[in-house]
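Participant: How does the following fold in three dimensions:
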Amino acid sequence: MEDLIAVLESQEKELVLESFDHADAWQLGSRITRMALDAGHGVGIDIRRPGLILFRSALPGITADQDVWIARKAAVVLRMEASSALVEARLAQAGIDPAAIGWLGPEYAVTGGSFPIRVHGAGVVATATASGLSSREDHDLIVEGLRAHLTEGAGR
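Facilitator: Residues are numbered from 1 along each chain as shown. Here you go, the predicted structure:
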C-alpha cells in the first residue's frame, strides 16, 4: 500500500500546470476523449470546477450511472484536494471507512478516477474525471491525458 501511495503522490507532484482556463479544459478533455476512443473505451469524461462543468463527453456504452459516479468522484477531489485514488489508498492504509463513520456522505465516491487540476501558486482549480472502466483504469486514463497535455506544453 505504501508503494501505491508513493506512486500516487508522485503523480500529483508531477502533474501541475502553470495555468488552466476554459480553453485548456476543452483541449485536455478532447485529448482524453480521443485517447478513450482510440482504446475503445466507453467512458464519460468530465472536467469541472466548483459549480461549473468546463468539459463533458459521453462515449458510446456509458449510462446515466457514470454521470453520478463522475460527480461523486469529483466531489472527493474538490473536498480533499487529492486524487480520489490517493484518498482511497490513504484511508485504506489507515483502516478508515469514511462512509461507515459518517464522515463522507453518499455524495462522495472514494474510489479512483478523478484527479485534481493543480496550478502552481493557486492549488487545485478543477478536477478531471473518468467513469466507465475500473477505478484504476479511469485513474490511469486521466493521468495519461494530463501527462500528454503537459508534454505537449499545454498549461505551461
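
Participant: could you say which helix or strand contains the residue lying closest to residue 113 once chain neighbours are set aside?
Facilitator: Spatially, and ignoring its direct neighbours in sequence, residue 113 is nearest to residue 138 (3.2 Å; C-beta to C-beta, 6 or more residues apart in numbering). Every C-beta, even on glycine, is put in place using the N, C-alpha and C of the backbone. Per DSSP states H and E, residue 138 falls inside helix 135-151.

Participant: who's in contact with the residue nearest to residue 39 when sequence neighbours are not counted?
Facilitator: Nearest non-adjacent residue to residue 39, counting by C-beta to C-beta, 6+ apart: residue 141, 8.0 Å away. Neighbour list for residue 141: 32, 35, 36, 39, 41, 43, 130, 133 [criterion: C-beta atoms under 8 Å, 6 or more residues apart in numbering].

Participant: if I look at residue 141, how far off is residue 59?
Facilitator: Applying C-beta to C-beta, to the nearest Å, the value for residue 141 to residue 59 is 11 Å.

Participant: Residue 31 now?
Facilitator: According to C-beta to C-beta, residue 31 and residue 59 sit 14 Å apart.
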